[in-house]
Structure formats: structure tokens, C-alpha cells
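**Student:** Model the structure of this input:
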Amino acid sequence: MNVIDLTHTISVNMPVYPGTEAPSLSVACTVEKNGFKETLLHMFSHTGTHMDAPAHMFKNGTPLDVFEASQFVGSAVVIDCTELNEGERIGMTFIERCRELTEKADFLLFRTGWDKKWGTAAYFGDFPCISPEVADFIVDTGKKGVGLDVISIDPITGSGFDNHRKLLSQNTIVIIENLCNLDTLGSGLFTFIAAPLKFENADGAPVRAFAVKE
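**Tutor:** Got it, this is the predicted structure:
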């Protein structure tokens, strides 16, 4: 069994969505003083590699803590979109290239290669996003979720959150953003797990995302 980590490490100097406060990790207790080490974490719910819940966009949307744990586990396929230029949309052409796998998978993970820009100003540039047609496909085929290696499923320059709203309005789909290492997974199906921090009324939460390949 091969387990591949798809998660960025949370740190005080990590990239965060523009206008969002960076996380802080304060030493609360030390082995020398207290006999054990403990850290006080202070961060937004959509920090780092994280999951968006329907409650992120809708007042009566389902929060992550209400979902069954099975929502966060399933088969997945990586869709290679690295040929796209800045600002271009991920269209149905990419779905059609591996249509059989995309129909079988519970999760669709879109690889743009943008994770290689992590830690640079370019990470907040005009990254590729899914088209409305791809969002419709995700809804129509009953996916558990969709993931990307960029900071948002909608353009950073936009304000309407169209993809967020279309997907999360179903109350059955979650979105995972800021994934990494999708280039290591190949083109076949694998088991995908994205386990969010479980806190009350969670509109989103950091996840430890990973792939399991036999």
C-alpha cells in the first residue's frame, strides 16, 4: 500500500487568501517548563489545504460536522489540466479525455500544476478554474466532491463565487482547495481521503488529504 500526502503544511508564513489573516502557532507549554509541549493554534477555517462545506455559501447549508465520515472518502481520479495558460477555464474536453474514469470516480481532482507556485506571489495570480459546464457535470454525476491545486474553485478576480454556489447548493458536494502533489498519482483510480477538522457548525476546515494506492 502506498500513501501519498496531498496536503500543504500549515505555517505562519504560508500563503492565505487575500484579506485573510495568516495563522499563528504559539507555544503554550514546553517540555522544560510544563513537562509537555502544547501549541495554541489561531487560524481561519479555510486555511491551507482545506474543505468548503455548503454552509460556506448558504445560511442553511450543511456544515462539515453534520456529514457522515463516509462523505470524505471515496474513489478519485486526477485530471491533468497543466496545458492550460493563466486565466483559462477547465472545459469538458478534459473530462472527455478520461470519461470512463470521471464517471466512476467519487471525487474529481484537477491538476493545474499551480501548487508549484506555492509560497510565491504568483500563487495568487490568474489560475485556471473549472467552467460552468464542468460544474454541471460534477452535479449531474452525483460526485461527493471536487478538488484542485489552486486557492479557489472560482477566479480570484471574481466576486460572484459562481462555481462555489452551484456545487455547494446541492448540499451533497464538498470542495477541497490548495491540494498538492497531484502530479505523483498517475491517471488511474485510487482511494482519496480528505479528513476535515471536526468542529461545530463548520463552514470549512483544514484537512489532511491523501491518496491510497494499492
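
**Student:** now the strands: where do they sit in this structure?
**Tutor:** Assigned by DSSP state E, the chain shows strands spanning 2-5, 24-29, 38-42, 50-52, 73-80, 89-90, 107-111, 129-130, 145-148, 174-177, 190-196, 204-213.

**Student:** hey, which of those strands is tucked in deepest?
**Tutor:** strand 50-52 (a mean of 28; mean count of other Cβ atoms under 10 Å). In short, each C-beta sits where N, CA and C put it, glycine included.

**Student:** partners of that one, with directions?
**Tutor:** Take DSSP bridges as the rule and strand 50-52 pairs in its sheet with strand 174-177 (antiparallel), strand 204-213 (antiparallel).

**Student:** what about that strand, average pLDDT?
**Tutor:** Across strand 50-52, the average pLDDT comes to 99.

**Student:** what's next to it, contact-wise?
**Tutor:** With Cβ atoms under 8 Å, 6 or more residues apart in numbering as the test, strand 50-52 has contacts from 46, 64, 72, 145, 153, 164, 168, 174-178, 194, 196, 203-207.

**Student:** out of everything not next to it in sequence, what's closest to the spatially most central residue of the chain?
**Tutor:** With distances taken as Cα atoms, centre = their mean, Ile176 lies nearest the centre of the chain, 1.9 Å away. Among residues not flanking Ile176 along the chain, Gly147 sits closest, at 3.7 Å (Cβ to Cβ, 6 or more residues apart in numbering).

**Student:** Can you name the residues that contact the one you found?
**Tutor:** Contact partners of Gly147, counting by Cβ under 8 Å, 6+ apart, are Ala76, Phe107, Leu108, Leu109, Phe110, Ile175, Ile176, Glu177, Leu179, Phe192, Ala194, Ala209.

**Student:** With adjacent residues omitted, what lies nearest to the second one?
**Tutor:** Pointing back at Phe107 there. What sits nearest to Phe107 in space, not counting adjacent residues and going by Cβ to Cβ, 6+ apart, is Ala76, at 3.9 Å.

**Student:** Need the distance between the two termini of stretch 40-55.
**Tutor:** Distance across stretch 40-55, first residue to last, is 26 Å (Cα to Cα, to the nearest Å).

**Student:** Also stretch 48-60?
**Tutor:** This stretch, stretch 48-60, spans 25 Å end to end (Cα to Cα).

**Student:** Now that stretch: buried residues?
**Tutor:** Neighbour-count burial for stretch 48-60, counted by 16 or more other Cβ atoms under 10 Å, picks out Gly48, Thr49, His50, Met51, Asp52, Ala53, Pro54, Ala55, His56, Met57.

**Student:** just stretch 7-25 next, same as before
**Tutor:** Thr7, His8, Ile10, Met14, Pro15, Val16, Pro23.
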